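Q: predicted model, plus sequence, below.
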Amino acid sequence: RPPPPPSASFPSVPPNPFLRSPYASPVPSRLTSIKSGMSHVWSGHKSTSWGMDETRPTSGTGNNRWGGIAMTILDTLDTLWIMGFREEFEEAASYVVSSVDFSDGSHGAVSTFETTIRALGGLVSAYELSGDSRLLTKAAELGDALLPAFGTKTKCATPRTTFFRE
């Protein structure tokens, strides 16, 4: 018989100075700093690339690398809600509902993976958090648009898909 493995010993971890206890919320000064940072980046996105997929922080411009579906807004809806940015959330949700169209071909080929986890996941989680049924409707529209990507023999999604259907 082989000898038993040595017992594991783990180094002690020093306490995190930003937590009151291992199970406590961040201290107020850290929370204020985090919310201030979020407010700063959200304002920057709004002023330089509202409705675009990404903000280029160095140039102060935006791009539509993910199909021009306002990916940053879709991906940030749940974060806005969780952080208590209700006015920003409402503005973003209203923009998505009124301005993002998943039924046309103008988006070109989009990444199935990124669109599923960021856009569809953002819509579903924002609906679950806020109860805003407009977001569930929009998630269903996007899900329907993505569904053909899974219509392969193996049922594994194609890497890229288009929303346009004839």
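A: That came in fine, so what should we check first? Remember, it's a predicted structure, so these values are computed and weren't measured experimentally.
Q: skip the chain neighbours and tell me the closest residue to Ala139.
A: Nearest non-adjacent residue to Ala139, counting by C-beta to C-beta, 6 or more residues apart in numbering: Leu123, 3.8 Å away. For glycine as for every other residue, the C-beta is placed from the backbone atoms N, C-alpha and C.
Q: check which residues of the host helix or strand of the one you found are buried.
A: Assessed by DSSP states H and E, Leu123 sits inside helix 121-130. Neighbour-count burial for helix 121-130 flags Gly121, Gly122, Leu123, Val124, Ser125, Ala126, Tyr127, Leu129, Ser130 (criterion: 16 or more other C-beta atoms under 10 Å).
Q: now stretch 80-90
A: Neighbour-count burial for stretch 80-90 [16+ other C-beta under 10 Å]: Leu80, Trp81, Met83, Phe85, Glu88, Phe89.
Q: for the last one, list the residues it contacts.
A: Read it as Phe89. Leu77, Leu80, Trp81, Ala126, Ser130 (C-beta atoms under 8 Å, 6 or more residues apart in numbering).
Q: who touches the third one in this structure?
A: Trp81 makes contact with Phe89, Ala126, Leu129, Ser130, according to C-beta under 8 Å, 6+ apart.
Q: closest one of those to Gly68?
A: Nearest to Gly68, judged by C-beta to C-beta, of the contacts of Trp81 is Ala126 at 19.9 Å.
Q: wait, the closest one sits on Thr79?
A: No: judged on C-beta atoms under 8 Å, Ala126 makes no contact with Thr79 at a distance of 9.1 Å.
Q: anything in contact with each of these two?
A: Overlap of the contact sets of Ala126 and Thr79 (by C-beta under 8 Å, 6+ apart) is empty.
Q: show me what the following helix or strand past the helix holding Leu123 is packed up against.
A: Note on helix 121-130: by DSSP H and E, the next helix or strand toward the C-terminus is helix 133-146. Contacts defined by 3 or more C-beta pairs under 8 Å, 6 or more residues apart in numbering; DSSP states H and E place helix 133-146 against helix 86-99, helix 121-130.
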